[in-house]
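Colleague: sequence first, predicted model second:
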Amino acid sequence: MQLQGELTAVTAPALLKHTAALIAGGTINLSAVTKADSAGVSLLLELQRRAMAAGQPLVFSHCPQQLRGLLTFFELEEALPIRETA
């Protein structure tokens, strides 16, 4: 699955409604994310939490630099598994 566009307070609630589809493949490609804020980071954490609760492994890949900066700022690099390749 690939997320694209903005992961912000405006878009996160609608994306959260599609949790099952987002986590089904086990990998979420973030390469097309153009902007993220703390709500976008929270969305990724919630997707990870729900995947773990369902016993579904979940990995994020191709994290854009701006989003990676937020993860570093919030000290979440260890909480979210991110790969550079899919």
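Modeller: Right, received. Where do you want to start? Numbers count the residues shown, from 1 in each chain.
Colleague: which helix runs longest in the protein?
Modeller: helix 38-53 (DSSP state H).
Colleague: and the helix or strand that that one is followed by, how far out from the chain's middle?
Modeller: Sequence order places strand 59-61 as the next helix or strand after helix 38-53, per DSSP states H and E. Relative to the centre of its chain, strand 59-61 is centred 7 Å away, using C-alpha atoms, centre = their mean, to the nearest Å.
Colleague: buried ones in whatever helix or strand comes next after strand 59-61?
Modeller: Counting by DSSP H and E, the next helix or strand C-terminal to strand 59-61 is helix 65-73. Applying a neighbour-count criterion of 16 or more other C-beta atoms under 10 Å, one finds L67, L70, L71 buried in helix 65-73. Using the backbone N, CA and C atoms, a C-beta is placed for each residue, glycine as well.
Colleague: now swap in stretch 79-86 and tell me
Modeller: Buried, per 16+ other C-beta under 10 Å, within stretch 79-86: L80, I82.
Colleague: looking at this protein, which helix or strand does the model trust least?
Modeller: One helix or strand of the chain scores below all others by mean pLDDT, DSSP states H and E: strand 82-83, with a mean of 84.
Colleague: what lies in contact with that one?
Modeller: With contacts defined as C-beta atoms under 8 Å, 6 or more residues apart in numbering, strand 82-83 is touched by T27, L30, V59, F60, S61, H62, C63, R68, L71.
Colleague: did I read that right, the second one in a helix?
Modeller: No - assessed by DSSP: H, G, I helix; E, B strand; the rest coil, L30 does not belong to a helix; its assignment is strand.
Colleague: okay, now L15: neighbour count?
Modeller: 19 (other C-beta atoms under 10 Å).
Colleague: now do it against R68, distance only.
Modeller: Distance of L15 to R68, computed by C-beta to C-beta, to the nearest Å: 19 Å.
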